[in-house]
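1. Sequence and predicted structure below; questions after.
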Amino acid sequence: MKHLLSTADLTRDEALHILDTAQEMAKTQEREVRKLPTLRGKTVVNLFFEDSTRTRISFEVAAKRLSADVINFSAKGSSVSKGESLKDTALTLEAMGSDGIVIRHSASGAAERLATSGWIQGSVVNAGDGTHQHPTQALLDAFTIRRHLGERSDSTGLDGLTVTLVGDILHSRVARSNIHLLTTLGASVVLVAPPTLLPIGVETWPVRVAHTLDEALDAFDIDALMMLRIQLERMSGGGAAFFPSPAEYSRLLGLDAARLARLPSHAIIMHPGPMNRGLEISAEAADSPRSVIVEQVSNGVAVRMAVLYLLLAGEAEL
Amino acid sequence: MTKPIVITGVSLYGEEAADIVIAKGEIASLSAADAPSGAVIVDGSGLVALPGLVDPHTHLREPGREDAETIETGSRSAAAGGYVAVHAMANTTPVADTAGVVEQVWRRGREVGLVDVFPLGAVTVGLKGERLAELGAMAQSDAHVRMFSDDGMCVSDPVLMRRALEYVKTFDGIIAQHAQDPRLTEGSQMHEGAVSASLGLAGWPAVAEESIIARDILLAEHVGSRIHVLHLSTARSVDIVRWGKSRGVKVTAEATPHHILLTDESARGYDARFKVNPPLRPESDVEAVRAGLVDGTIDVIGTDHAPHPDEDKDGEWAASAFGMIGLETSLGVVQKTLVDTGRLTWRDVARLMSEAPARLCQFEGHGRPLAVGEPANITLVDPKRAWVVDPRGTASRSHNSPFGGIEMPGTVVGTILRGAVTHAHPAFGGLGK
Amino acid sequence: MTGAVMDAPDMARALTRIAHEILERNGGASGIVLLGIPTRGLPLAKRLAARIAAVEPGFDAEACTGAIDITMYRDDLRRQPTRSIGETTLPQAGIDDEVVVLVDDVFHTGRTVRAALDAVKDVGRPRSVQLAVLVDRGHRELPIRADYVGKNLPTAQAEKVRVMLDEIDGEDAVVIERPDAGGEG
């Protein structure tokens, strides 16, 4: 593996290898000395064209725990985040010498362009590109599901489990990444969204669809329920008209105490954060013992350590 | 004074072989026996002669974006592609919305002299879609503008569109519509479908094109005017135009080479050379557009040659410009997709790429028969000389061809404008000097 | 060609001797933790633990054996394709102030042991660290020596020593593979 751009590129074996590696990484994070010498002398650049303190910190911690040097390059700003500047920035980083670039960008495909345009030699990790992919988020979600529900699966993957994603599938890179990865690992995926927030062509995806959360609770045995963040500002205002109002969204799709109670007792609640409490998820649900939302964050470090290790530790691929 | 030229044994329209004797800018004879003394004699055996190609849809970028293309480089590229006349779109800087700008473009084209450059005029001031440009002044200018378009932008306001359709009847003008409902395509990046869903690129729904075409055909019928549909790209667009024609509405339509060869699958990889407006569509639409060319629903082939410098194309997809160059590859694509597959004859190609566009755009002296006494506007094609497209090997100032690496089955080996050789392929000796 | 240099009884005798040497050197089994270096060091550590338990009934073989993976401490990571990480399992009580005996199959350049020492340091602070190996084939590249050796095996640099264990390979044997073995069998 040279780059991690999309979960669609991962075979089942590769995905399991990352999760298994992450499991060992997670163990090292329970020690008193959590730092490993593995990537000593390697340089990882966090190239963030879009603000995301959580993701950047998670990658930064992961790289530092592996003893890599970390450079944070925040390129947010309208003029810098356009066109040619991606190339110029890449050439600059290449000239300074970087072994891996972790890129976050508001444009779909930015990570792939960076990896395949011949501007840089090193590895590229996609830390979220537009509405396309966010593969490490999906990996940490799969890791979390496997930790909690792995015993219910008939395999080392997620076979036999049903994972339900609720919310803005259309604009969600988290959803796209998860759908590919969960399917690759054998889980059955259910999407819950109003038709306005599902992409055209969703019928060609290997998923089942419901339009309200109640409908999904009735129809499916849900093992993991993943609530996606709703970006209010682009949802109901300005003629976008994806749904009539936040209140109606909560009524049809929000996870509240009553719906929480209808889930099977073993089911876990997930959210990629940051949450809109009271909109897509109520405080009772977010803080319930079945919520693994905080654990997702710590698993994120282990998964990113695994990815950085697998991409950067070995000899450079030619 | 250009020397007389005799092209011997060339196949006219891909049919019977003849000799073409060119003197004083005209076709003087179809028999070498009539060759004047001192004529350059060229062996045309194996070549196909077509009436000089006419591109109803070219972006020459001058004035304003001379870093992308100039009238000179664009003319050279057009000649290399077999064109003798091009219709230059109005979305320059400043916009060609006044008599002054269209005359400037027209004059510069004449100075360069490689192809006849006829400017379109903008329909609305600054392409803003707010109020009509001075269409009459452009029509009466030296540039003699007959076709108007906001191409790049859609005249989306139905009232404005209606008025434009009515108004141009004054001077037998025609409105060419870039059919794209702006509200349905806010932020759109590529065809909306399975590929856009998986790439996470904002979709450009086919209905945004189709609904405008349907509306405009109904408007044209209502006011008894003509309407021309630019770069139609979907199966339902073809159906709607076919329906309009069957009702007797004076509707004509254009298809581009890229919409009959490439599909939305090209967007995988996010290489913005494949970003174009309207977007590349799925195979079913591509096939419907080809069928529309074959059955006559679509009247003309236009390149929509849209040059952009590298820096506008090598970044992220969403930040990159729409458009692709195509003057030098259009005939190759048409031969590859429609002639070599047996669906069109060279005579059909002459109609779609020369006669019909010349008639539609009212270019006098173009799209004429290959016959004695006609202007010597001729495109010579070697249908067996295959070549592989190298985007850097173009006469255009820009290199944003989507066909890089694709083999074209035939080559334009010579272009003649009123008896003067404007392009001669190096492999085709004799014609050059 | 390939030659077997130890068979199952040889190996059993060597391990039994090492177990006794460990007890002798440390004055009993108290405070002893055996950490095998994956892959083949781990079953060897378990066998040693079983032998120690057989003579020292107070010794809980299960609780005093573990594995220490050294992949992430190797100094040749960037010279090879990325390696999979092995498992690290430590005794419940940890290794602080214990006597850690590292167990590996083949002792060669010393680089693996160097990495293991670094790995041990990150998981605790043992009172001392000792090294037990089934085969010492020489060619040390670092100033490291073994405390317990099953068999000293002079080899040429180009030769390969392979230890096969019943738990993993279905049989017990140590063989030397010579580079000229070729395709002739």
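-> Great, that's in hand.
2. So which residues on chain A come close to chain C?
-> A:1, A:17, A:20-21, A:24-25, A:27-28, A:31-33, A:35-38, A:66, A:309-311, A:313-317 (CB under 8 Å from any CB of the partner chain). In this view, the C-beta of every residue, glycine as well, is placed from N, C-alpha and C.
3. go with 7 Å
-> Contact residues, chain A versus chain C (CB under 7 Å from any CB of the partner chain): A:17, A:21, A:24, A:27, A:31, A:33, A:36-38, A:310, A:313-315.
4. Would you mind putting the residues you listed into TSV with secondary structure alongside?
-> Shown next, in TSV, are those (DSSP: H, G, I helix; E, B strand; the rest coil):
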residue	secondary structure
A:His17	helix
A:Thr21	helix
A:Glu24	helix
A:Lys27	helix
A:Arg31	coil
A:Val33	coil
A:Leu36	coil
A:Pro37	coil
A:Thr38	coil
A:Leu310	helix
A:Ala313	coil
A:Gly314	coil
A:Glu315	coil
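5. Buried members of those residues into PyMOL, please.
-> To isolate the buried ones among the residues of chain A next to chain C in PyMOL, judged by 16 or more other CB atoms under 10 Å in any protein chain shown, type:
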select buried, chain A and resi 17+21+24+27+36+37+38+310+313+314
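6. Among the residues of chain A next to chain C, find me the one that's closest to B:Pro278.
-> A:Leu310 (41.9 Å; CB to CB).
7. any idea which element the spatially closest residue to that closest one that is not a sequence neighbour lies in?
-> Residue nearest to A:Leu310 in three dimensions, not counting chain neighbours: C:Thr82, with 5.3 Å by CB to CB, 6 or more residues apart in numbering or on different chains. Counting by DSSP states H and E, no helix or strand carries C:Thr82.
8. Now for C:Thr82: which residues touch it?
-> Taking CB atoms under 7 Å, 6 or more residues apart in numbering or on different chains as the contact definition, C:Thr82 lies against A:Leu310, A:Ala313, A:Gly314.
9. With respect to C:Leu131, which of the residues you listed is nearest?
-> Of the contacts of C:Thr82, the one sitting nearest to C:Leu131 (CB to CB) turns out to be A:Ala313, at 25.6 Å.
10. Helix, strand, or coil at B:Lys384?
-> Secondary structure, three-state DSSP: B:Lys384 is coil.
11. Quick check: phi and psi on it?
-> As for B:Lys384, its main-chain torsions (degrees, to the nearest 10) stand at phi -110, psi 0.
12. hang on, the earlier thing: can I get the residues of chain A next to chain C in CSV with pLDDT and distance to A:Phe73?
-> Conversion of those to CSV gives the following (pLDDT from 0 to 100; distance: CB to CB, whole Å):
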residue, pLDDT, distance to A:Phe73
A:His17, 96, 29
A:Thr21, 95, 26
A:Glu24, 92, 30
A:Lys27, 91, 31
A:Arg31, 85, 31
A:Val33, 84, 29
A:Leu36, 94, 24
A:Pro37, 94, 25
A:Thr38, 94, 23
A:Leu310, 95, 23
A:Ala313, 91, 22
A:Gly314, 84, 25
A:Glu315, 72, 26
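13. Kindly tell me how buried the closest residue to B:Leu331 other than its chain neighbours is, as a neighbour count.
-> Distances taken as CB to CB, 6+ apart place B:Gly82 nearest to B:Leu331, at 5.3 Å, with adjacent residues excluded. Using other CB atoms under 10 Å in any protein chain shown, B:Gly82 has 28 neighbouring residues.
14. Now do the contacts for B:Gly82.
-> B:Leu53, B:Leu331, B:Thr379, B:Val381, B:Val412, B:Thr415.
15. Of those, which is the nearest to A:Asn299?
-> The closest of these, once distances to A:Asn299 are taken by CB to CB, is B:Leu331, at 58.3 Å.
16. ok, now which ones touch that closest one?
-> B:Leu331 neighbours (CB under 7 Å, 6+ apart): B:Leu53, B:Gly81, B:Gly82, B:Val381, B:Val412.
17. closest to chain A among those?
-> Of all these, chain A sits closest to B:Gly81, with 28.3 Å by CB to the nearest CB.
18. if we can go back for a sec, mind checking how far the residue nearest to B:Leu331 is from B:Gly14?
-> B:Gly82 sits 14 Å away from B:Gly14, taking CB to CB, to the nearest Å as the criterion.
19. repeat for B:His425
-> Counting by CB to CB, the gap from B:His425 to B:Gly14 is 18 Å.
20. The helix ranked longest in chain B packs against which elements?
-> Longest helix of chain B, by residue count under DSSP state H: helix B:206-223. Packing partners of helix B:206-223 (3 or more CB pairs under 7 Å, 6 or more residues apart in numbering or on different chains; DSSP states H and E): helix B:158-167, strand B:226-229, helix B:235-246, strand B:250-255.
21. Including mean pLDDT, mean neighbour count and distance to chain A, could the ones you listed go into JSON lines?
-> Output for those, formatted as JSON lines (pLDDT from 0 to 100; neighbours: other CB atoms under 10 Å in any protein chain shown; distance: least, CB to the nearest CB, whole Å):
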{"stretch": "helix B:158-167", "mean pLDDT": "98", "mean neighbour count": "18", "distance to chain A": "18"}
{"stretch": "strand B:226-229", "mean pLDDT": "98", "mean neighbour count": "24", "distance to chain A": "24"}
{"stretch": "helix B:235-246", "mean pLDDT": "98", "mean neighbour count": "20", "distance to chain A": "15"}
{"stretch": "strand B:250-255", "mean pLDDT": "98", "mean neighbour count": "23", "distance to chain A": "24"}
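22. Turn those into a markdown table, including distance to B:Ala143.
-> A markdown table is the format used below for the helices and strands packed on helix B:206-223 (distance: least, CB to CB, whole Å):
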| stretch | distance to B:Ala143 |
| --- | --- |
| helix B:158-167 | 18 |
| strand B:226-229 | 18 |
| helix B:235-246 | 29 |
| strand B:250-255 | 21 |
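23. Rebuild these as TSV, extending it with distance to chain C.
-> What follows is the helices and strands packed on helix B:206-223, written out as TSV (distance: least, CB to the nearest CB, whole Å):
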stretch	distance to chain C
helix B:158-167	61
strand B:226-229	56
helix B:235-246	48
strand B:250-255	50
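24. In three-state terms, label B:Ile175 for me.
-> Going by three-state DSSP: B:Ile175 is strand.
25. For chain A, what lies in contact range of chain B?
-> Applying CB under 7 Å from any CB, we find that chain A lies next to chain B at A:82-84, A:86-87, A:105, A:107-110, A:112-113, A:117, A:130-133, A:173, A:176, A:199-202, A:204.
26. Among these, which lie within strands?
-> Using DSSP state E, the subset of those located in strands is A:His105.
27. Pull out the buried residues from the residues of chain A next to chain B.
-> Neighbour counting by 16+ other CB under 10 Å classes A:82-84, A:86-87, A:105, A:107-110, A:112-113, A:130-133, A:173, A:176, A:199-200, A:202 among the residues of chain A next to chain B as buried.
28. Okay, and which of those residues map to helices?
-> Of these, the ones assigned to helices by DSSP H are A:Glu84, A:Leu86, A:Lys87, A:Ala110, A:Glu112, A:Arg113, A:Arg173, A:Arg176.
29. Quick check: mean pLDDT of the host helix or strand of B:Glu72?
-> Assessed by DSSP H and E, B:Glu72 sits inside helix B:71-80. Average pLDDT, helix B:71-80: 98.
30. Mind listing residues that contact it?
-> B:55, B:58, B:60, B:62, B:86, B:105, B:108-109, B:112, B:114-115, B:117, B:327-328, B:394-397, B:412, B:415, B:422-423.
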